[in-house]
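In: Requesting a structural model of the entry that follows:
(one chain, ligands or ions: 2)
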Amino acid sequence: MFQSSQWEGALPDVPRSFTRRETLLSIRDLSVTYKTRSGELSAVDTLSLDLYKGEILGLVGESGCGKSTLGKAIMRMIDLPGEITKGQLLFKGTDLMTLSEKEMRELRGQSISMIFQDPMTSLNPVQSIEDHIIEAIRVHQPDVEPADASLRAAELIERLGIGRKRLEDYPHQLSGGMRQRVMIALALALKADIIIADEATTSLDVIVEAQFLDLLRELKDEFGLTILLITHNIGVVAQLADRVAVMYGGRLAEVTDVESLFYNPKHPYTQGLLASVPNIDLQSTHLHRMDGLPPNLISPPAGCRFHPRCPEAMEICTQQQPWLVRVDDIGEGDERVGGYDKHLAACWLHQEYEGTKVRRY
Ligand SMILES: Nc1ncnc2c1ncn2[C@@H]1O[C@H](COP(=O)(O)OP(=O)(O)O)[C@@H](O)[C@H]1O
Ligand SMILES: [Mg+2]
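Out: Numbering: from 1, shown residues only. Ligands and ions are numbered 1, 2, ... in the order given. Okay, here's the model as predicted:
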């Protein structure tokens with residue numbers, strides 16, 4: 001059974017704001033499939049999610065649920081055999097799906113930066129750290145004097161806790177933790193609107209990870225960063241995220257602010273995830289496997305994709321897909337709606353108001 005008391009004191013005592021937020025990215029009804037030899041694999045299915053300016057939105061779920069696919073889809077970086085089959089990606093009002101590949105290339109990195117588990121794949125092995133950062137600064141200010149760019153690069157790298165001597169180094173000479181910091185430095189130099197961090201801390205040891213998370217939190221406030229934090233580590237989410245989206249089998253199970261997620265989870269899958277974490281030492285705690293297996297996305301279960309594993313499954317769950325609907329009792333006119341407080345879940349236990357109060361998301 002899920003017990004909210006299990007999480008007492010687990011979240012850091014950081015004030016989180018509850019004001020209305022500006023939506024920077026609006027994902028609408030997005031579907032991504034991979035054409036495999038055994039058939040079409042539905043990795044992301046009709047998914048809608050908003051990212052607010054200045055927030056850290058955690059995206060969690062078991063391995064294979066579609067988190068990386070969603071992250072890459074936002075950058076339109078899905079490669080064959082994958083394809084975005086429908087949906088919109090509204091970024092500052094423009095649907096990225098309508099942009100040409102050339103326009104997308106400019107936007108990638110500049111407006112939306114993605115940081116992967118292994119930054120070596122994104123860094124140029126024959127370019128020094130200084131050259132990487134100067135190049136990023138020049139994207140915005142092509143006329144900046146080399147000496148000034150060099151100074152800025154040094155300031156930036158020091159702000160990220162790396163000595164300026166390391167500017168001369170090449171990527172392979174840095175530790176994994178330093179390379180992650182360099183990636184953040186590049187995103188800051190580019191003044192990226194959105195940073196998508198996909199399991200960025202997974203390969204770091206616990207202490208380096210904790211330092212990196214502290215740094216991210218500081219930078220978020222200092223630079224007003226907007227981060228989509230993809231992780232299978234619920235401890236990372238508890239420490240850093242303002243809101244959390246829980247994915248299951250290519251769909252969203254629940255979306256809410258981090259307090260509600262830990263103290264008042266509505267979806268049985270979220271409850272199962274939290275209950276399967278053995279203790280509140282969140283720093284080192286990864287999501288433990290729940291009973292049963294994640295769905296086969298080539299022939300996913302009908303209805304709610306979680307129903308074969310759900311302790312509360314009803315007949316309707318085996319037949320009809322539940323929509324993501326409001327499960328809080330904040331009125332539509334409430335100032336907070338459209339901001340952090342909206343609590344959404346896709347579960348037949350919570351669809352009783354359909355037609356009156358509930359709106360589909
Ligand atoms: N290039 C690919 N070709 C075929 N299937 C893929 C490919 N990439 C991912 N998938 C499948 O898509 C689903 C979602 O994968 P992914 O987005 O990597 O999940 P996560 O990041 O949550 O672990 C999985 O079933 C995975 O096997
Ligand atoms: Mg992944």
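In: can you tell me the helix or strand for the residue lying closest to Leu190 once chain neighbours are set aside?
Out: Leaving out its chain neighbours, the residue that sits closest to Leu190 by Cβ to Cβ, 6 or more residues apart in numbering is Ala136, at 4.8 Å. Just so you know, the C-beta spots here come from the backbone N, C-alpha and C atoms, and that holds for glycine as well. Element membership of Ala136, judged by DSSP states H and E, is helix 129-140.
In: Show me which parts of that helix are buried, residue by residue.
Out: 129-130, 132-137 (16 or more other Cβ atoms under 10 Å).
In: could I have that helix exported to PDB, CA atoms only?
Out: The C-alpha coordinates for helix 129-140 follow below in PDB (Å, rounded to 0.1, in the frame of the first residue of the first chain):
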ATOM      1  CA  ILE A 129      36.500  23.400 -24.200                       C
ATOM      2  CA  GLU A 130      37.300  27.100 -24.800                       C
ATOM      3  CA  ASP A 131      36.600  26.800 -28.500                       C
ATOM      4  CA  HIS A 132      33.300  25.000 -27.800                       C
ATOM      5  CA  ILE A 133      32.100  27.800 -25.600                       C
ATOM      6  CA  ILE A 134      33.400  30.700 -27.800                       C
ATOM      7  CA  GLU A 135      31.600  29.100 -30.700                       C
ATOM      8  CA  ALA A 136      28.400  29.100 -28.700                       C
ATOM      9  CA  ILE A 137      28.800  32.700 -27.600                       C
ATOM     10  CA  ARG A 138      29.400  33.700 -31.300                       C
ATOM     11  CA  VAL A 139      26.100  32.200 -32.400                       C
ATOM     12  CA  HIS A 140      24.400  35.100 -30.600                       C
END
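In: Show me how far the helix or strand Leu213 falls within is from its chain's centre.
Out: Here Leu213, judged by DSSP H and E, is contained in helix 206-223. Put simply, helix 206-223 sits 16 Å off its chain's centre (Cα atoms, centre = their mean, to the nearest Å).
In: Near ligand 1, which residues of this protein are found?
Out: Proximity of the chain to ligand 1, by Cβ under 6 Å from any ligand atom, involves residues 34, 36, 41, 43, 61, 63-69, 81-82, 297.
In: Tell me which two of those sit farthest apart.
Out: Between any two of these, the greatest separation by Cβ to Cβ is 22.1 Å, found for Gly61 and Pro81.
In: quick one, which of these two is more surrounded?
Out: Gly61 (26 against 12; other Cβ atoms under 10 Å).
In: That one: what's its closest spatial neighbour, skipping adjacent residues?
Out: Spatial nearest neighbour of Gly61, excluding adjacent residues (Cβ to Cβ, 6+ apart): Met247 at 3.7 Å.
In: ok so the one you found is a helix residue?
Out: No: counting by DSSP: H, G, I helix; E, B strand; the rest coil, Met247 falls outside a helix, being strand.
In: tell me the contacts of it?
Out: Each residue near Met247 by Cβ atoms under 8 Å, 6 or more residues apart in numbering is listed here: 59-61, 65-67, 70, 253.
In: pLDDT score for it?
Out: Met247 carries a pLDDT score of 97 in this model.
In: Quick check: bridge partners of it?
Out: Beta-bridge partners of Met247, counted by DSSP bridges, are Leu252.
In: Any chance of the backbone angles for Asp95?
Out: Taking degrees, to the nearest 10, you get phi -80, psi 110 for the backbone angles of Asp95.
In: Can you name the residues that contact it?
Out: Neighbouring residues of Asp95 by Cβ under 8 Å, 6+ apart: 88-89.
In: So for it, what's the pLDDT?
Out: Looking at Asp95, its pLDDT is 98.
In: Kindly check the end-to-end length of stretch 74-85 for me.
Out: One end of stretch 74-85 sits 13 Å from the other (Cα to Cα, to the nearest Å).
In: So what touches that stretch?
Out: Against stretch 74-85 from outside (Cβ under 8 Å, 6+ apart): 25, 27, 30-36, 43, 69, 72-73, 89, 96-97, 99, 104, 108, 112, 114, 194, 196, 228.
In: ok, and for that stretch, which residues are buried?
Out: 74-76, 78, 82, 84.
In: What is the distance between the lowest-mean-pLDDT helix or strand in the chain and the centre of its chain?
Out: When each helix and strand of the chain is scored by mean pLDDT, DSSP states H and E, strand 325-326 comes last, with a mean of 86. What separates the centre of strand 325-326 from the centre of its chain is 20 Å, taken as Cα atoms, centre = their mean.
In: Show me what whatever helix or strand comes next after that strand is packed up against.
Out: Counting by DSSP H and E, the next helix or strand C-terminal to strand 325-326 is strand 344-345. With contacts taken as 3 or more Cβ pairs under 8 Å, 6 or more residues apart in numbering; DSSP states H and E, strand 344-345 sits against strand 251-257, strand 325-326.
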